[in-house]
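# coords below, sequence missing:
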């Protein structure tokens with residue numbers, strides 16, 4: 001039996017790395033869930049009572065060869081989950097971030113959760129991403145934006161497994177994406193509303209690596225670093241995915257296979273086949289969710305098999 005863990009709250013915030021880390025392949029999920037227009041509809045079709053109003057973390061159990069899906073709410077109930085992270089050295093150890101700045105942890109694949117701490121002091125801090133240092137699972141980084149656009153956000157660091165947090169750069173910026181380089185954990189990249197930033201010293205300092213005041217390379221939604229080469233970075237914006245192979249000195253947009261005005265919400269590079277890049281995007285004036293995959297290191301993208309289009313509305 002294979003397991004997929006999803007974070008719910010906003011349908012646009014499904015981390016692709018969780019989908020692929022927790023399953024060796026993506027089967028045809030069938031029309032029962034992927035064609036749902038809202039999470040409420042998906043919850044209903046998954047067998048959860050429609051009066052359940054809280055957001056949840058879903059556990060999708062897919063038996064080999066079976067096409068039916070069963071969703072199991074794992075909790076913690078009552079919150080809006082925006083980010084999930086897994087300890088690469090202990091796959092049962094999970095972390096999640098909420099829309100009010102809280103960080104929760106689980107030691108048993110999400111069966112039980114503990115409130116660890118809060119990243120920052122603001123109660124409207126949305127934890128957009130959590131990354132775990134692969135060398136030391138007690139070292140976590142979290143990116144945040146505030147629901148008040150004028151307040152910004154920033155990067156936060158914990159050295160005790162998420163119990164206490166301190167600022168680690170980009171204070172006052174709405175940081176919407178964060179990634180760590182698998183081949184060099186001192187390198188982190190962060191995406192904000194005005195561009196891409198990089199740290200080469202484990203979050204102690206940050207430098208912009210995208211052109212200042214660029215009309216397109218801004219409004220970041222997702223980031224991923226190539227597992228073999230920390231100079232190769234993919235960035236997903238409200239418009240298109242972008243790629244650099246020289247650490248941000250030059251960037252190019254990826255048009256082939258993508259509809260212009262594609263909001264690239266998730267990116268993932270397959271570690272087993274690093275030339276394979278996955279992108280989750282919504283496209284067009286009537287948004288449709290589209291799974292895209294590139295087999296040529298992001299030069300062109302094609303529709304991922306067995307993924308159906310379905311509409312969603314952009315969250316505020």
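Sure thing, it's come through. Keep in mind the model is a prediction, meaning the values are calculated, not measured.
# low-scoring stretches of the stretch 51-200 of the chain, by residue?
For the stretch 51-200 of the chain, residues meeting the criterion pLDDT under 70 lie at 51-69, 78.
# do that again at 90, thanks
51-82, 88-91, 109-111, 120-124, 147-152 (pLDDT under 90).
# hey, where'd the strands end up in it?
Using DSSP state E, counting those that start in this stretch, the strands found in the stretch 51-200 of the chain span residues 57-62, 70-73, 81-87, 90-98, 102-106, 114-118, 125-132, 140-146, 153-158, 166-167, 175-181, 184-192, 195-199.
# Can I get those in TSV including distance to residue 261 and mean neighbour count?
From N, CA and C alone the C-beta is placed, and that goes for glycine too. TSV is the format used below for the strands of the stretch 51-200 of the chain (distance: least, C-beta to C-beta, whole Å; neighbours: other C-beta atoms under 10 Å):
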stretch	distance to residue 261	mean neighbour count
strand 57-62	29	20
strand 70-73	31	16
strand 81-87	23	23
strand 90-98	28	20
strand 102-106	34	22
strand 114-118	36	17
strand 125-132	22	25
strand 140-146	22	27
strand 153-158	25	25
strand 166-167	34	12
strand 175-181	18	25
strand 184-192	18	23
strand 195-199	19	22
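# Relative to residue 279, which of those is closest?
Shortest distance between residue 279 and those, using C-beta to C-beta, is found for strand 175-181: 13.1 Å.
# residues in contact with the closest one?
Here strand 175-181 makes contact (C-beta atoms under 8 Å, 6 or more residues apart in numbering) with 128-134, 141-145, 153-155, 187-193, 220-225, 230, 233, 235-236.
# again, only using 7 Å
Residues outside strand 175-181 that contact it (C-beta atoms under 7 Å, 6 or more residues apart in numbering): 128-129, 131, 133, 141, 143-145, 153-155, 187-192, 220-225, 230.
# Need the strands of the stretch 51-200 of the chain in CSV (columns: distance to residue 265).
Below are these laid out as CSV (distance: least, C-beta to C-beta, whole Å):
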stretch, distance to residue 265
strand 57-62, 17
strand 70-73, 21
strand 81-87, 12
strand 90-98, 16
strand 102-106, 22
strand 114-118, 25
strand 125-132, 11
strand 140-146, 15
strand 153-158, 18
strand 166-167, 26
strand 175-181, 10
strand 184-192, 12
strand 195-199, 16
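# quick one: which of those is nearest residue 254?
Closest approach to residue 254 among the strands of the stretch 51-200 of the chain is made by strand 195-199 (14.8 Å; C-beta to C-beta).
# who does the closest one pair up with?
strand 184-192 (antiparallel), strand 207-208 (antiparallel) (DSSP bridges).
# Between strand 153-158 and that strand, find me the angle.
20 degrees (axes from the mean of the first three to the mean of the last three C-alpha atoms, to 10 degrees).
# What spatial separation is found between residue 140 and residue 182?
Counting by C-beta to C-beta, to the nearest Å, the separation of residue 140 from residue 182 is 16 Å.
# Please give me every residue in contact with the residue lying closest to residue 94 once chain neighbours are set aside.
Closest residue to residue 94 apart from its sequence neighbours, by C-beta to C-beta, 6 or more residues apart in numbering: residue 106 at 4.5 Å. Residue 106 makes contact with 94, 112, 113 under the criterion C-beta under 7 Å, 6+ apart.
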